[in-house]
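K.L.:
After the sequence you'll find the predicted model.
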Amino acid sequence: MSVSPLLMSLEKALRCLSGVGPRSASRMALPLLERDREGGLHLAEMLSQALERIEHCEICSNLTEIQPCPICQDISRDQSLLCVVSSPGDILTIEQSGLFKGRYHCLSGLLSPLEGLGPKEIGLSELVQRIYDEKPAECLVALASTVEGEATTHQIVTGISGPTRVTRLAQGVPV
Ligand code: ZN
């Protein structure tokens, strides 16, 4: 064997990262072995810890290592405002803007029949149930303005009954 089988396996493993093909996998693996073994070990440790400890918040589905997540635990946040997003990345973006002080509910993506994502797959009934239970005054729907985003927003609006007012937001840009 002229090439290290372990190196081959490492490069193959790196390709699970989004956007990484064979050539970039090789460009990542070699410098770690040649120049930054400490960084590589740290990366391995962080990956393993993150994968082991980060889960979805049992209330809002945000990514978190404590249950419920710090946002859900924060009683100083406006409990009457609920912002619906389609991924934990959206929560991060909105939080970084610092403009929204309510709480979140994170769906597991958007409705997309072609990809097999129906109401059950994206967790729509959990959202509707939560709104029914908590009765927030306002539900801000911050989903993409794509066909899938529109369809999902429509389903949310249809599914909600009771006193909650539904407002649409441009994605990631709270008013
Ligand atoms: Zn939470």
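P.N.:
Looks like it arrived, so ask away. Numbering: from 1, shown residues only.
K.L.:
show me what contacts Val85?
P.N.:
Residues near Val85 by CB atoms under 8 Å, 6 or more residues apart in numbering: 91, 94, 104-107, 142-143, 171. All C-beta spots, glycine's among them, are computed from the backbone N, C-alpha and C.
K.L.:
What segments of this protein are helices?
P.N.:
With DSSP state H as the criterion, the chain has helices at 5-14, 22-34, 37-53, 70-73, 88-97, 119-122, 124-134, 147-159.
K.L.:
Test my guess that Ile54 contacts Thr64.
P.N.:
Yes. Under the criterion of CB atoms under 8 Å, Ile54 makes contact with Thr64 at 6.8 Å.
K.L.:
So Leu140 versus Gly21, what's the distance?
P.N.:
38 Å (CB to CB, to the nearest Å).
K.L.:
more crowded one of those two?
P.N.:
Leu140 (21 against 9; other CB atoms under 10 Å).
K.L.:
ok, back up a step: show me the one of the helices of the chain that comes nearest the ion.
P.N.:
The ion sits nearest to helix 70-73 of all these, at 3.3 Å, using CB to the ion.
K.L.:
Quick one: name the residues of the chain near the ion.
P.N.:
Proximity of the chain to the ion is confined to 57, 59-60, 62, 68-69, 72 under the rule CB under 5 Å from the ion.
K.L.:
got JSON lines for these, with neighbour count too?
P.N.:
JSON lines is the format used below for those (neighbours: other CB atoms under 10 Å):
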{"residue": "Cys57", "neighbour count": "23"}
{"residue": "Ile59", "neighbour count": "20"}
{"residue": "Cys60", "neighbour count": "24"}
{"residue": "Asn62", "neighbour count": "24"}
{"residue": "Pro68", "neighbour count": "14"}
{"residue": "Cys69", "neighbour count": "24"}
{"residue": "Cys72", "neighbour count": "19"}
